[in-house]
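[1] Show me the folded form of this:
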Amino acid sequence: QVQLVESGGGLVQAGGSLRLSCAASGRTFSNYAMGWFRQAPGKEREFVAAISRSGISIDYEDSVKGRFTISRGVAESTVYLQMNSLKPEDTAVYYCAARDDAYYGGNDYSKYNYWGQGTQVTVSS
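    Below is the predicted model:
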């Protein structure tokens, strides 16, 4: 199975940027479709972005389109989430997820079978 470790979270002012990283180890990275999800206090876990095994198919939750960019680095077995123009409502714990039973993971968190521990992102107004 694959192990996922997120990093890059922190405190940033509204309008600022952060880059989250998710390092995968244990299995061939290209075998996994990847996704980013987030969960704010008292709220359900929600989809942020997903990228296919090849990196060709990408999708975003509507509220982050044009501000966030998901990418994957094959050589470093890492998936990234570049977050620009951050807003206070982006504050949440961000989780990296992987699934090995599909080319593209999609926006349903229940379909992903591997998860990182999460990284906190706090955006101050």
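[2] Tell me which helix or strand the most centrally placed residue in the chain sits in.
    Nearest to the geometric centre of the chain sits Trp36, at 2.3 Å (Cα atoms, centre = their mean). Using DSSP states H and E, Trp36 maps to strand 33-39.
[3] who touches the next helix or strand after that strand?
    Downstream of strand 33-39, the next assigned helix or strand under DSSP H and E is strand 46-51. For strand 46-51, contacts defined as Cβ atoms under 8 Å, 6 or more residues apart in numbering pick out 33-39, 57-61, 64, 68, 70-72, 79, 81, 94, 104-109. Just so you know, the C-beta spots here come from the backbone N, C-alpha and C atoms, and that holds for glycine as well.
[4] Take those and, keeping just the buried ones, write it as a ChimeraX select command.
    Selection command for ChimeraX covering only the buried members of the contacts of strand 46-51, criterion 16 or more other Cβ atoms under 10 Å:
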select :33,34,35,36,37,38,59,60,61,64,68,70,72,79,81,94,104,105,106,109
